[in-house]
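> Mind looking at a prediction? Sequence and model below.
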Amino acid sequence: MAVTLCGASWYNQKYFFNPDFSRIPKDVQEELQILCVSFTEDVGGVLTIEFGEDKLPHFTVRSAEGDPRFDEIGSELKIRKLQEEKAELMQQLAAFYRIFILGELPQEGGGDA
């Protein structure tokens, strides 16, 4: 079952942030809002950032059936770009999710000693 972190909808011009994640720093929350809202302004549809069973954040895009404004190709390209540009942020969000939401203990930073 996916857990939604945040999302934006071009259809109703709204942004959602899951209050369970309120411990995320405000500047990161603002970055997520800008990311989601600007994405939907560019390509339309609905963008959510969700944690899957793999405990990693994923960009999920949906659109209304037959929506002539939704840019499916642009959406896919923009997702790929976001995955590259925001890789570090996504890793940090995954760690936050595992520790603060799921209650897992942080992994010891080992190495080959």
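Looks like it arrived, so ask away. Numbers count the residues shown, from 1 in each chain.
> next helix or strand past the helix or strand where Gly7 lies?
Per DSSP states H and E: Gly7 is located in strand 3-9. Toward the C-terminal end, the helix or strand that comes next after strand 3-9 (DSSP H and E) is strand 14-17.
> in its sheet, what does that following strand sit against?
strand 3-9 (antiparallel) (DSSP bridges).
> Can you give the distance from the strand it pairs with to the centre of its chain?
Averaging C-alpha positions (CA atoms, centre = their mean, to the nearest Å) puts strand 3-9 7 Å from its chain's average.
> Equivalent analysis for stretch 4-22, please.
On CA atoms, centre = their mean, the centre of stretch 4-22 falls 10 Å from that of its chain.
> Kindly report the same for stretch 19-32.
Centre to centre, stretch against its chain (CA atoms, centre = their mean), the figure for stretch 19-32 is 11 Å.
> Now do that stretch: distance from first to last residue.
14 Å (CA to CA, to the nearest Å).
> likewise stretch 53-71?
28 Å.
> So which elements touch the helix or strand encompassing Glu76?
Per DSSP H and E: Glu76 is located in helix 72-85. Judged by 3 or more CB pairs under 8 Å, 6 or more residues apart in numbering; DSSP states H and E, the packing partners of helix 72-85 are helix 26-43, strand 57-62. Where you see a C-beta, it was placed from the backbone N, CA and C, and this is true even at glycine.
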